[in-house]
Structures are given as C-alpha cells and as structure tokens.
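*Asks:* Give me the fold of what follows.
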Amino acid sequence: MPIPRAVSDSGPDWLWRMVHKDIKWTGALVGSPLWTPAAGKRFIVTDFLIICSNAVELTVFDGTDSDGNRLVGGSFAANGGISAPNLRSSFRSSAINNVLKITTSAGSGYITVLGYEE
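*Replies:* Numbering: from 1, shown residues only. Sure thing, here's the model as predicted:
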C-alpha cells in the first residue's frame, strides 16, 4: 500500500473530502468521541486547534489512549492552547473504524479538527 501524501501535496482533489469536527467542552471528559468516521473508513487529521478557557490536562487519541495513539496530550494553561495547521505528517488512524477521542481533566474550551476520511 502506498504511503498517503499530506493533503497539501494532493492538489485540489482533496477539497471534496474535507471533514470539519469541533466540540466545546465543559468539565471532565473521558474518551468522548470527537470524530467517528463513516463505516469502513479511517480518519486522517491534517490540522487542529485547541483553545483552553481554564487550565486543563487534555489528550486527543486514536481509539485507545496509549503510547503511539495520541495526536496531542499535555497540560494547557488557562487562556492557552495550540494551533497546528497544515501538519506535514498527517495523523492517520491506525485502523479502519477507529474513533478519534478526547479526554480532559476539567476546565472548558474548544477543539477543532480538520482532515479527511479514506
């Protein structure tokens, strides 16, 4: 199987496949679904944005929260966050039908994830 190219390398044909997912959270979340791909598909994250209103421990992960499955994880300060546009190495789900999930310690904020399904 060929290695998938980054969306930015794929030319204009990727536009029809773009997916936008976002949530606003308040309080603790444990493995809450952020992106459930269509049956028989996997997600590929190309960009993400996290804005934290309060200090929070946050993890975004592929299926199971374990080493090698995390898109991002760590402590974020109040009024902090991260912007990761145009990931050169996109975050590709390790298996078909896996769900991108989020766990937070508390606090509140927003997360937006962009990508596509294959």
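*Asks:* Run through the chain and note the low-pLDDT ranges.
*Replies:* Applying pLDDT under 70 to the chain flags residues 1-15.
*Asks:* Neighbours of the nearest residue to residue 60 once chain neighbours are set aside, how many?
*Replies:* Distance criterion C-beta to C-beta, 6 or more residues apart in numbering; nearest residue to residue 60, sequence neighbours excluded, is residue 71 at 4.4 Å. In this view, the C-beta of every residue, glycine as well, is placed from N, C-alpha and C. Applying other C-beta atoms under 10 Å, we find 18 other residues in the vicinity of residue 71.
*Asks:* Was I right to think residue 70 contacts residue 63?
*Replies:* No: at 10.7 Å, residue 70 does not count as touching residue 63 under the criterion of C-beta atoms under 8 Å.
*Asks:* before we move on, back to that, which SS state does the residue nearest to residue 60 fall under?
*Replies:* strand (DSSP: H, G, I helix; E, B strand; the rest coil).
*Asks:* Check whether residue 75 sits in a helix, strand or coil.
*Replies:* Of the three states, residue 75 takes strand under three-state DSSP.
*Asks:* circling back to that earlier point, for the residue nearest to residue 60, give me its contacts.
*Replies:* Residues near residue 71 by C-beta atoms under 8 Å, 6 or more residues apart in numbering: 45, 48, 60, 61, 62, 91, 100.
*Asks:* Relative to the whole chain's centre, how far out is the helix or strand harbouring residue 45?
*Replies:* According to DSSP states H and E, residue 45 maps onto strand 43-52. On the basis of C-alpha atoms, centre = their mean, to the nearest Å, strand 43-52 is displaced by 4 Å from the centre of the chain it belongs to.
*Asks:* what lines up beside that strand in the sheet?
*Replies:* strand 80-84 (antiparallel), strand 91-92 (antiparallel), strand 108-117 (antiparallel) (DSSP bridges).
*Asks:* mind checking how far the second one is from the chain centre?
*Replies:* Which is strand 91-92. For strand 91-92 - counting by C-alpha atoms, centre = their mean - the centre lies 9 Å from the chain centre.
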